[in-house]
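# predicted structure and sequence below. I'll ask about it afterward.
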Protein chains: 2
Amino acid sequence: MVRKPTSKETARKPNMREAILAAAEELFATNGFNAVSVRDIAQAAGANPGSVTYHFKTKDGLLLEIYRRHCGPMNLRRSELLAAAKRVRDLQDRLEAVVRAYVVPAFTSGSDLAGGGARFTRLRAVMSAEGNEVARKIIAQTFDDTSHAFIDAIHDSLPHIPRTDIVWRSHFLLGALYYSLVTPDRVSRLSRGEADGNDPANAIEQLVQATVAAFQAPALDQAAPARRRTVASSKT
Amino acid sequence: MVRKPTSKETARKPNMREAILAAAEELFATNGFNAVSVRDIAQAAGANPGSVTYHFKTKDGLLLEIYRRHCGPMNLRRSELLAAAKRVRDLQDRLEAVVRAYVVPAFTSGSDLAGGGARFTRLRAVMSAEGNEVARKIIAQTFDDTSHAFIDAIHDSLPHIPRTDIVWRSHFLLGALYYSLVTPDRVSRLSRGEADGNDPANAIEQLVQATVAAFQAPALDQAAPARRRTVASSKT
DNA sequence: TGATCTTTTGTACGATAGTACAAATCACAT
DNA sequence: ATGTGATTTGTACTATCGTACAAAAGATCA
């Protein structure tokens, strides 16, 4: 179905704007923001450096547009999956479903924009590590709502665990998720080839299984820091 | 005790070389490698840009020296703690001790070089995310041994779990560890002030507790991918 | 004190960064 | 066919990057 484009969106190449976005996304996600130049992006997209300025004004504007492009659809998908997960009756099954609803959209690989995808998640991981200012603002105002929704859903499945613990553990989940996308080869290397860190299905199952167990761990009582033993004190 | 310095280590300021290393460590860990200029580092250390070149030749050389300075003592400390942990008789307790031996040196804050410290760990997290070439080489040749030692120790405590699963779960542990050091404020924010993401003791306890439970999760049978339900398929 | 070596300073160079802008080119309506 | 607005190209400007290097300053020992 070839629709007739209006004069507002004509272009010489099929869609140069999209090509630039895709190239920038890939390069930012693998090399970080500062290591990638506008010229690098233009070259990877088969475009002229000036085109980047024309479409996105600044380099920050380009990053901003990448976030705008993905955040909406991704959070929508997560909301749908979360809603479905919340309808699961059995508490144990519901917990797993909720975790899966959080993890799956972050992994589903990214030829389609709608799904969010591993590439965008990796991008977010790298921006978070670099302390990127643009990313920080967007995340705080866009992702915190989603995070709270998931935390609440998980808390509903585990009423006896303090909310504080849930927050910590979902923080760990996000860290593990990010790291799995940033350094998948490390898994292959450490497992001596027995596991494939780049296989999303495998990563998802492993992550879900481990995370569900982590959430189900006994509550960490603030009132009971009297640990049985302290192995960690050999020197001091 | 003021020892007489030889001609090989005299300097105008107490120790400008160390000041540069400390400044670079801090700046790299918070802003990434490429976002920080040699001039930034020199200014933060109260030194002249030329001094950086004099002591470390190149910017890569400076990063390399930071790694060299920390890797040895940190892995040594981990080895000691691991050896102590392995002597714990009870399997459950031993698992926790091993995890703690892995986590604690990564968090212990870093006024002393020997301890490794949170700052250096945060640096490693950022370099890993940026895909830094210098860091990648060092990590593969320095940290993999340590990682294998811990994986083996954990496997000994959990003989019924396949090694592949152990690798995945320790990978998740490292990701959670990194992320906790990179974005501690997110914990405070999401818990609405009830938890302090910047409190190392708290982070360690939460991480150890969650991780031990994750390791103890039932094995993920490769032969049984027939899951009971698939909540994750609402669209496709 | 003066010779010698180490360290710091100051400055400069080439490369590359982000961005601006005029000219060229294209798609489409008339 | 031609005019018009959207897009792409080519190029240039300024700032800053990593690094080099000579001169200045400090420390050490005869």
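Okay, I see it. Small disclaimer: the values here were computed from a predicted structure and weren't measured.

# which intervals of chain A have sub-threshold pLDDT?
A:1-13, A:109-116, A:222-236 (pLDDT under 70).

# what's the domain layout of it?
The record's domain parsing of chain A by the TED database lists A:15-57, A:70-216.

# format those domains as a markdown table; extra columns: distance to B:Thr30.
All C-beta spots, glycine's among them, are computed from the backbone N, C-alpha and C. What follows is the domains of chain A, written out as a markdown table (distance: least, C-beta to C-beta, whole Å):
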| stretch | distance to B:Thr30 |
| --- | --- |
| domain A:15-57 | 13 |
| domain A:70-216 | 6 |
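
# any chance of those in TSV, with distance to DNA strand D and mean neighbour count too?
Listed next are the domains of chain A as TSV, based on distance: least, C-beta to the nearest atom of the strand, whole Å; neighbours: other C-beta atoms under 10 Å in any protein chain shown:
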stretch	distance to DNA strand D	mean neighbour count
domain A:15-57	3	18
domain A:70-216	15	20
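
# the one helix or strand A:Glu25 maps to near DNA strand C at all?
Remark: A:Glu25 resides in helix A:16-31, with elements defined by DSSP states H and E. No. Figure legend: helix A:16-31 not in contact with DNA strand C (C-beta under 7 Å from any atom of the strand); closest approach 10.5 Å.

# packing partners of the following helix or strand past that helix?
Sequence-wise, the next helix or strand downstream of helix A:16-31 (DSSP H and E) is helix A:38-45. Here helix A:38-45 touches helix A:16-31, helix A:49-56, going by 3 or more C-beta pairs under 8 Å, 6 or more residues apart in numbering or on different chains; DSSP states H and E.

# next one: helix A:38-45 to chain centre, how far?
Using C-alpha atoms, centre = their mean, to the nearest Å, the distance from the centre of helix A:38-45 to the centre of the chain it belongs to is 24 Å.

# also stretch A:136-148?
12 Å.

# go on, stretch A:127-145?
The answer for stretch A:127-145 is 11 Å, by C-alpha atoms, centre = their mean.

# just the CA trace of that stretch, in CSV.
Extracted in CSV, the C-alpha atoms of stretch A:127-145 (Å, rounded to 0.1, in the frame of the first residue of the first chain):
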residue,chain,number,x,y,z
MET,A,127,23.3,7.0,28.3
SER,A,128,22.6,6.1,31.9
ALA,A,129,26.2,5.1,32.5
GLU,A,130,27.5,8.3,30.8
GLY,A,131,25.3,10.4,33.0
ASN,A,132,23.9,12.1,29.8
GLU,A,133,21.9,15.1,30.7
VAL,A,134,19.3,14.9,28.0
ALA,A,135,18.6,11.2,28.8
ARG,A,136,18.4,11.9,32.5
LYS,A,137,15.6,14.4,32.1
ILE,A,138,13.6,12.2,29.8
ILE,A,139,14.0,9.2,31.9
ALA,A,140,12.9,10.9,35.1
GLN,A,141,9.8,12.2,33.5
THR,A,142,8.9,9.3,31.3
PHE,A,143,10.0,6.1,32.9
ASP,A,144,9.4,6.6,36.5
ASP,A,145,5.6,6.2,36.0
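
# could you check that stretch against chain B for contacts?
Yes. Against chain B, stretch A:127-145 shows contacts by C-beta under 8 Å from any C-beta of the partner chain at A:Ser128, A:Ala129, A:Glu130, A:Gly131, A:Ala140, A:Asp144.

# DNA strand C: which of those is nearest?
Lowest distance from DNA strand C to the residues of stretch A:127-145 next to chain B (C-beta to the nearest atom of the strand) belongs to A:Glu130, with 13.3 Å.

# tell me the phi and psi of the closest one?
phi -80, psi -10 (degrees, to the nearest 10).

# could you find the closest non-adjacent residue to it?
Nearest residue to A:Glu130, sequence neighbours excluded (C-beta to C-beta, 6 or more residues apart in numbering or on different chains): B:Gly32, at 4.2 Å.

# ok so, going back, helices or strands next to the helix holding A:Glu25 in the packing?
With 3+ C-beta pairs under 8 Å, 6+ apart as the test, helix A:16-31 has helix A:38-45, helix A:49-56, helix A:59-86, helix A:118-130 packed against it.

# C-alpha coordinates for that helix, CSV please?
This file holds the C-alpha atoms of helix A:16-31, laid out as CSV (Å, rounded to 0.1, in the frame of the first residue of the first chain):
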residue,chain,number,x,y,z
MET,A,16,16.7,9.9,5.0
ARG,A,17,15.4,11.1,8.4
GLU,A,18,14.7,7.6,9.5
ALA,A,19,18.1,6.4,8.2
ILE,A,20,19.8,9.0,10.3
LEU,A,21,17.8,8.1,13.3
ALA,A,22,18.6,4.4,12.9
ALA,A,23,22.3,5.0,12.3
ALA,A,24,22.5,7.4,15.3
GLU,A,25,20.7,4.9,17.5
GLU,A,26,23.1,2.1,16.6
LEU,A,27,26.2,4.2,17.0
PHE,A,28,25.2,5.8,20.3
ALA,A,29,24.2,2.4,21.7
THR,A,30,27.5,0.8,20.9
ASN,A,31,30.0,3.7,21.4
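
# touching it from outside, list them.
A:11, A:13, A:36, A:40-42, A:44-47, A:51-52, A:55-56, A:62-63, A:65-66, A:69, A:119-120, A:122-123, A:126-127, B:130-131 (C-beta atoms under 8 Å, 6 or more residues apart in numbering or on different chains).
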